[in-house]
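1. sequence and computational prediction follow.
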Amino acid sequence: MSSLLLTGIGSLVTNDPARGDLLGEIHDAALVIEGSKVAWVGSQREAPAADSSMDVGGRAVIPGFVDSHSHLVFAGDRAEEFAARMTGTPYSAGGIRTTVAATRQATDEQLTANVARLVTEMRRQGTTTVEIKSGYGLTVGDEARALEIASHFTDETTYLGAHVVPAEFADDPAGYVSLVTGPMLDAAAEHAKWVDVFVERGAFDEDQGRAILEAGLARGLQARVHANQLGEGPGVQLACSVGAAAADHCTYLTDADIDALASTGVVAGLLPAIEFSTRSPYPNARRLLDAGVTVALATDCNPGSGYSSSMPFCIALAVREMHMTPAEALWSATAGGAASLRRPDIGHLTPGAQANLTILNAPTHLHLSYRPAVPLITQTFVAGRPV
């Protein structure tokens, strides 16, 4: 097993709490990769020998971004819908059905090519782990093929048959819930790690959401929830009551919701590119953090409410619009995402972790929010290999 020594690291973000601050930052640092794992981190003057070395020239090294919420298996786009929002049409969940129609008509090859294109975009912007949901097929066959396609790109696949009720079940939502919890789940479970449900007006109510999540849990899937995006509602409390890993969106929260997140350890996934694209209020990250809630940042990349694949963009929005510090935003985009996916092996650069890392063309991580929209990613490593 060969080893690689990275030297000349101006600032190394480890996310190691044992180092005394949130990011566990080491200056004038070095790092050793052995195979697919981090073998050693520390001061450059103490660096051990390795089979080969690479001088990064004073640049910063950070853990690879962990994007814990995305919808990449789809066809078509909804650029006209975006333009309409920018001229005053409010966002609703109804546009999802437009993408469903296009996705059902697409071939496997077209869908696979689109996922590959978007994952490549993410890699170029420092993302090393991405969660991918189904949810634009909403038939037994289309949901199963979406997850099978997603599984070629990530282990973090999420069954979202409960995205919205499709048009053919408009008069029979109970029948659709039965499909989602029965034959569709049977077809999807083989390729899914997670089960998710959109608990929101225009989608699914609390009782429907609970039935869907409990069915997935009974099949060995783990739970996540789209919660409280368009208004206050039962989504966060439902996520907490079933032991979900994450409640994502969290735009409208009561004090009771925040208390529940803090006491149960359910991660609050914040998706600021959605608020940017829909001109909606941003979540109150400061309120969550001050209450001791674990926060993750993710893109929610999808063709409707927010078509961005950029975690650096989300970090900049979190700092500017959600009043997070640069350190909090970076931690949430790396270690926070790992917590949302229940992945202790990623989101940090400590011995034994996956060697998923990003080299910035900047001396410090602060440039991610200090220089928004600038392409700062010099190189990305996944499992010890440059991509």
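-> In hand now; what should we look at? Residues are numbered from 1 along each chain as shown.
2. averaging pLDDT per element, find the lowest-scoring helix or strand in this structure.
-> helix 79-86 (a mean of 87; mean pLDDT, DSSP states H and E).
3. now that helix: buried residues?
-> Glu81, Phe82, Arg85 (16 or more other Cβ atoms under 10 Å). Any C-beta I mention is one placed from the backbone N, CA and C, and that applies to glycine too.
4. quick one: the helices in the chain?
-> Counting by DSSP state H, the segments of the chain that form helices are 79-86, 96-105, 108-124, 140-150, 173-181, 183-188, 206-218, 235-241, 255-264, 272-278, 285-290, 311-321, 326-340, 367-370.
5. list the buried ones in the second one?
-> Just to be clear, that refers to helix 96-105. Buried positions in helix 96-105, judged by neighbour count with 16+ other Cβ under 10 Å: Ile96, Arg97, Thr98, Thr99, Val100, Ala102, Thr103.
6. cool, the last one as well?
-> When neighbours are counted by 16+ other Cβ under 10 Å, the buried residues of helix 367-370 are found to be His367, Leu368, Ser369.
7. Leu6 versus the second one, what's the distance?
-> When Cβ to Cβ, to the nearest Å is the yardstick, Leu368 and Leu6 sit 19 Å from each other.
8. that older thread, of the buried residues of helix 367-370, closest to Ala383?
-> Using Cβ to Cβ, Leu368 comes nearest to Ala383 of the buried residues of helix 367-370, at 22.9 Å.
9. among the helices of the chain, which comes closest to Pro303?
-> helix 96-105 (5.5 Å).
10. tell me the most buried of the helices of the chain?
-> Ranked by mean neighbour count, these are led by helix 326-340 with a mean of 27 (mean count of other Cβ atoms under 10 Å).
11. picking up where we left off before, in TSV: the buried residues of helix 79-86, plus distance to Thr158.
-> Formatted as TSV, the buried residues of helix 79-86 follow (distance: Cβ to Cβ, whole Å):
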residue	distance to Thr158
Glu81	23
Phe82	24
Arg85	26
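12. which one of these is nearest to Leu253?
-> Checking those one by one against Leu253 (Cβ to Cβ), the nearest turns out to be Arg85, at 23.4 Å.
13. picking up where we left off before, tell me how far the least confident helix or strand of the chain lies from the chain's centre.
-> Relative to its chain's centre, helix 79-86 lies at 24 Å (Cα atoms, centre = their mean, to the nearest Å).
14. counting contacts, what elements does that helix pack onto?
-> If you count contacts as 3 or more Cβ pairs under 8 Å, 6 or more residues apart in numbering; DSSP states H and E, helix 79-86 packs onto helix 272-278.
15. need the CA coordinates for the helix it packs on. CSV is fine.
-> Output of helix 272-278 as CSV, limited to C-alpha atoms (Å, rounded to 0.1, in the frame of the first residue of the first chain):
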residue,chain,number,x,y,z
PRO,A,272,-29.6,28.1,1.6
ALA,A,273,-29.4,27.8,-2.2
ILE,A,274,-33.2,27.1,-2.1
GLU,A,275,-34.0,30.3,-0.3
PHE,A,276,-31.7,32.1,-2.8
SER,A,277,-33.6,30.6,-5.7
THR,A,278,-37.1,31.0,-4.4
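16. contacts for it, please.
-> For helix 272-278, the surrounding residues in contact (Cβ atoms under 8 Å, 6 or more residues apart in numbering) are 82, 85, 91, 229, 249, 251, 280-283, 297, 299-301, 305-308, 310, 313-314, 317-318, 321-322.
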